[in-house]
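1. sequence isn't available, so here's the structure alone:
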């Protein structure tokens, strides 16, 4: 009998978790705090040890085996709080009698380097969980599926009514599972409390200053959806304050590493059609804050203010689209997605997202807040497709599809040249 919470809402990551549980002895679910890792794990677990509870943690510090006792699948929540748990799980999984799906580990931070002697590779599968997508929140009907677009499905033209206010509310409310039943007033408090918890001195690694960390988070928010250099981030975070010395001489890199280890942002790498293209490794990755509601809070904007600042709203909308696209790609197991990338060349051509499959198939997407920008986005997509096809000797495949994902929307359709117009409130797995 699972430990599923009474108010649990299904996640699109469930089929992937089930596949991992059928294949590996243990599965680690990792991701930012409050994104629903424990609730997802409990929907499959039959017993648990919660290491965020003092009594259980103290007992496990004395004898880690205490944390592995119970019916299987057995959940160990916040496992990184007790050194040696992963090694013990790995040894348990190595035992011939241990079945697949014996343990589920969850954590909202990566343990310090050296605290675990073995990564668990080959024994412990790792899966990422993000905050909820619009599909999971009930704000997208999922009528246009990502996998369907790869299968060549056309989009039957239909009207869609999404206004500027609705988009502003979607990006500022965020995908926190706990806010689903909350009023807008209560939901607005969650990003504020998240940042406060992330900067709480009681939980920070040694040497991480909470004031400097707050400035670093602010710098990441100001540069969300960009490939800003460490120098730019350092300058934005320092702003002539005393923290400038802390962030000098490798300090900024240390803080960025810490923030990434707590899953507060993720990176999207550059892409080019040839697998060995230098752009894949030479382009600086773009950074995206883990949920656009955190960016909005850190920038000090609410939905009403964003309606008068469509430039900032457009960036937050891009963050929302990339967030959902990455999650949908993870969920499309049969597509065998190798990654989500962005494209930029030296001639000024930029495309927001490229989804690449293991067999070399690919698709490109542009994210535009309003329908007035569809023509511009369409031109960029077609330029990219023509550029990839312009070298016959390279034998690069044509894109499987090109799509403009829109926010403020009146129509879902496929244009005469084959480019799809997909409202974000229609996109799904």
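-> The structure has been received and is ready for your questions. Treat the numbers as computed from the prediction; the structure is a model and nothing was measured.
2. how about the helices of the stretch 1-150 of the chain, start to end?
-> 14-23, 37-42, 54-62, 85-94, 134-137, 146-150 (DSSP state H, counting those that start in this stretch).
3. let me know which of the ones you listed is tucked in deepest.
-> helix 37-42 (a mean of 23; mean count of other C-beta atoms under 10 Å). (Each C-beta comes from the backbone N, C-alpha and C, glycine too.)
4. just checking the distance from that one to the centre of its chain.
-> Relative to its chain's centre, helix 37-42 lies at 17 Å (C-alpha atoms, centre = their mean, to the nearest Å).
5. about what we covered before: among the helices of the stretch 1-150 of the chain, which comes closest to residue 301?
-> Proximity to residue 301, assessed across the helices of the stretch 1-150 of the chain by C-beta to C-beta, is greatest for helix 134-137 (19.8 Å).
6. now tell me what touches the closest one from outside.
-> When contacts are defined by C-beta atoms under 8 Å, 6 or more residues apart in numbering, helix 134-137 is touched by residues 9-12, 140, 142, 170, 175, 180, 320, 324, 328, 424-425, 427-429.
7. could you turn the buried ones of those residues into a PyMOL selection?
-> The following PyMOL command selects only the buried members of the contacts of helix 134-137, with burial defined by 16 or more other C-beta atoms under 10 Å:
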select buried, resi 11+12+140+142+170+175+320+324+328+424+425+427+428+429
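8. filter the contacts of helix 134-137 down to the ones in strands?
-> 427, 428 (DSSP state E).
9. residue 161: what secondary structure?
-> Using DSSP: H, G, I helix; E, B strand; the rest coil, the structure places residue 161 in strand.
10. follow-up on the earlier one: in CSV, list the helices of the stretch 1-150 of the chain along with distance to residue 361 and mean pLDDT.
-> Formatted as CSV, the helices of the stretch 1-150 of the chain follow (distance: least, C-beta to C-beta, whole Å; pLDDT from 0 to 100):
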stretch, distance to residue 361, mean pLDDT
helix 14-23, 20, 97
helix 37-42, 29, 97
helix 54-62, 46, 96
helix 85-94, 34, 92
helix 134-137, 23, 98
helix 146-150, 7, 97
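11. residue 236 is nearest to which of these?
-> Nearest to residue 236 among the helices of the stretch 1-150 of the chain is helix 134-137; the distance by C-beta to C-beta comes to 29.6 Å.
12. contacting residues for the closest residue to residue 5 other than its chain neighbours?
-> Setting aside the residues directly before and after it, residue 5 is nearest to residue 39 in space (C-beta to C-beta, 6 or more residues apart in numbering), at 5.4 Å. For residue 39, the residues meeting the contact criterion (C-beta under 8 Å, 6+ apart) are 5, 8, 177.
13. on that earlier part again, for the helices of the stretch 1-150 of the chain, which one sits closest to residue 204?
-> Distances from residue 204 to each of the helices of the stretch 1-150 of the chain were compared by C-beta to C-beta, and the smallest falls on helix 54-62, at 17.8 Å.
14. how about residue 261: what's its closest non-neighbour residue?
-> Using C-beta to C-beta, 6+ apart, the closest residue to residue 261 is residue 110 (4.1 Å).
15. ok, that neighbour to residue 79 distance?
-> Shown here: residue 110 relative to residue 79, a distance of 11 Å by C-beta to C-beta, to the nearest Å.
16. next structured bit after the longest helix along the chain?
-> Secondary structure of the chain read by DSSP state H shows that its longest helix is helix 310-331. Moving toward the C-terminus from helix 310-331, the first helix or strand encountered (DSSP states H and E) is strand 337-344.
17. give the pairing partners of the following helix or strand past that following strand; include direction for each.
-> Counting by DSSP H and E, the element after strand 337-344 in chain order, helix or strand, is strand 350-357. In the sheet containing strand 350-357, its partner strands are strand 337-344 (antiparallel), strand 362-370 (antiparallel), by DSSP bridges.
18. pLDDT on strand 350-357, on average?
-> Averaging the model's pLDDT scores along strand 350-357 yields 97.
19. now do that strand against helix 310-331, angle only.
-> The directions of strand 350-357 and helix 310-331 differ by 10 degrees, with axes from the mean of the first three to the mean of the last three C-alpha atoms, to 10 degrees as the criterion.
20. just the buried positions in strand 350-357, please.
-> So strand 350-357, judged by 16+ other C-beta under 10 Å, has buried residues 351, 352, 353, 354, 355, 356, 357.
21. ok, now how distant is the second one from residue 314?
-> Taking C-beta to C-beta as the measure, residue 352 falls 11 Å from residue 314.
22. model confidence at residue 231, what's the number?
-> Among the per-residue scores, residue 231 shows a pLDDT of 94.
23. so it is in which element?
-> When elements are defined using DSSP H and E, residue 231 is found to belong to helix 230-238.
24. ok, back up a step: of the strands paired with strand 350-357, which approaches residue 417 most closely?
-> Closest to residue 417 of these, according to C-beta to C-beta: strand 362-370, at 13.5 Å.
25. what angle sits between the helix or strand following the closest one and strand 362-370?
-> Beyond strand 362-370 on the C-terminal side, the first helix or strand identified by DSSP H and E is helix 374-389. Going by the same axes, to 10 degrees, helix 374-389 is angled at 160 degrees with respect to strand 362-370.
26. in helix 374-389, which residues are buried?
-> In helix 374-389, residues buried by neighbour count (16+ other C-beta under 10 Å) are 374, 377, 378, 380, 381, 382, 384, 385, 387, 388.
27. could the residues you listed go into JSON lines alongside distance to residue 284 and pLDDT?
-> Written out in JSON lines, the entries for the buried residues of helix 374-389 read as follows (distance: C-beta to C-beta, whole Å; pLDDT from 0 to 100):
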{"residue": "374", "distance to residue 284": "28", "pLDDT": "97"}
{"residue": "377", "distance to residue 284": "23", "pLDDT": "98"}
{"residue": "378", "distance to residue 284": "27", "pLDDT": "98"}
{"residue": "380", "distance to residue 284": "20", "pLDDT": "98"}
{"residue": "381", "distance to residue 284": "23", "pLDDT": "98"}
{"residue": "382", "distance to residue 284": "26", "pLDDT": "98"}
{"residue": "384", "distance to residue 284": "19", "pLDDT": "96"}
{"residue": "385", "distance to residue 284": "24", "pLDDT": "96"}
{"residue": "387", "distance to residue 284": "21", "pLDDT": "92"}
{"residue": "388", "distance to residue 284": "22", "pLDDT": "91"}
